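1. Here is my input, please return the structure:
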Amino acid sequence: MNARETRLAWLLILPTAFIVFGLVLFPAIFSIWISFHKVGLDNLNDVFRADFVGFDNYRRVFNDFAFKFQGLNSWGAAVTSIVYSFVSTTLTVAVGLGASLLLNRPFRGRGGARAIFLFSYVAPIVSVAFVWKWILDPRPSGVLNNILMSLGLIDLPKAYLAQRGLALLIVIFFEAWRYFPFAMLMILARLQAVDRTLYEAADVDGASTWDKFRFITIPELRYVIGAIFLLRLIWTFNKFDDIFLLTGGGFGTNVLPVLTYQFSFKLFDFGTGAATAMILLFTLVIFLIVYVAAFMRNVEEA
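-> Alright, predicted model coming up:
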């Protein structure tokens, strides 16, 4: 009976195992293999016989002007990715925390307000990206230009997504606006599980609103906020579609996922593109190790 149950278990697991191997494990291993070989359009039909080039693809990435830091006016994809990911993730969690504190209070129409707050997260990325591009359209007919010119605040229309520095700020705010509902939902769920007697005891002791937030709310939320920050940091660092749809990676917004696309499908240098993806993966692993180490240290202290 045990042997038959074991065979049945393997038979039930095998379809999922094949799918995971075919869609996750094999592409990941194959990408590592490609990153050490010279793969382009000329040998795609016989890719497994591609020339082994060692770390040449990685050296090509590190030496590329689009990757490395070249001064304050040209950060490169590596620095831009880090700044974009950390700032937008921090802003996302901060806005999500504020929204969750607001929606945790009882007021009329709270359910409708929660549904409205979720709109940016559930709406298709293509639609919201093109709405933002319509608002920021550089022509006089663009929504923001039209409003500012009507108020007399500007004389000529501006190309907001074509200005270095400003374009990066816009994509950071777009990221925070689009994904703060995720942080809001997770934090709100934890807020509703906090023991209310803690706040009642604080009221008896004469604690202010800030004191209750600092000494009760934040300690109760720290692990949730830490987990949300890590997840959003990983997802943001891997984000391709947001920046690509808004700016195409131009005007100081080029990040590693977009650079991977450019190497692979603009220059058709798949080996260098795979090497860029491996650099991206290695950076994320470092973030993960640092976070897990900090988390375990906090658990031990607690």
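
2. what separates Ile279 from Asp241, distance-wise?
-> Plainly put, Ile279 is 20 Å away from Asp241 if you go by Cβ to Cβ, to the nearest Å. Backbone N, C-alpha and C define where each C-beta goes, glycine included.

3. ok, these two, which is more surrounded?
-> Neighbours around Ile279 and Asp241, counted as other Cβ atoms under 10 Å, are more numerous at Ile279. The numbers are 21 against 12.

4. Quick one: distance of whichever helix or strand that one is part of to the chain centre.
-> Assigned by DSSP states H and E, Ile279 belongs to helix 270-301. Centre-to-centre, helix 270-301 and its host chain are 14 Å apart (Cα atoms, centre = their mean, to the nearest Å).

5. Next: stretch 233-250.
-> 8 Å.

6. hmm, who's touching that stretch?
-> 81, 84-86, 88-89, 92, 125-126, 129-130, 132-133, 161-162, 167, 170-171, 174-175, 178-179, 253, 255-259, 261-262, 280, 283-284, 287-288 (Cβ atoms under 8 Å, 6 or more residues apart in numbering).

7. Give the other helices and strands that the helix holding Ile279 contacts.
-> Counting contacts by 3 or more Cβ pairs under 8 Å, 6 or more residues apart in numbering; DSSP states H and E, helix 270-301 is packed against helix 26-34, helix 56-63, helix 76-103, helix 218-237, helix 256-261.

8. Just tell me which of those helices ends up closest to Leu41.
-> Evaluated with Cβ to Cβ, the helices and strands packed on helix 270-301 place helix 26-34 nearest to Leu41, the distance being 13.6 Å.

9. Now do the buried residues in that closest one.
-> By neighbour count with 16 or more other Cβ atoms under 10 Å, helix 26-34 contains the buried residues Ser31, Trp33, Ile34.

10. the inter-axis angle of the helix holding Ile279 versus helix 76-103?
-> Relative orientation of helix 270-301 with respect to helix 76-103: 40 degrees, computed using axes from the mean of the first three to the mean of the last three Cα atoms, to 10 degrees.

11. and the angle from helix 270-301 to helix 218-237?
-> Counting by the same axes, to 10 degrees, helix 270-301 points 170 degrees away from the direction of helix 218-237.

12. and stretch 219-236, average pLDDT?
-> Here the mean pLDDT over stretch 219-236 is 88, rounded to a whole number.

13. Show me which positions of it end up buried.
-> By neighbour count on 16+ other Cβ under 10 Å, the buried set for stretch 219-236 is Glu220, Leu221, Val224, Ile225, Ile228, Phe229, Leu230, Arg232, Leu233, Ile234, Thr236.

14. Which residue is the nearest non-sequential neighbour of Asp56?
-> With sequence-adjacent residues excluded and distances taken as Cβ to Cβ, 6 or more residues apart in numbering, Asp56 is closest to Lys38, at 7.7 Å.
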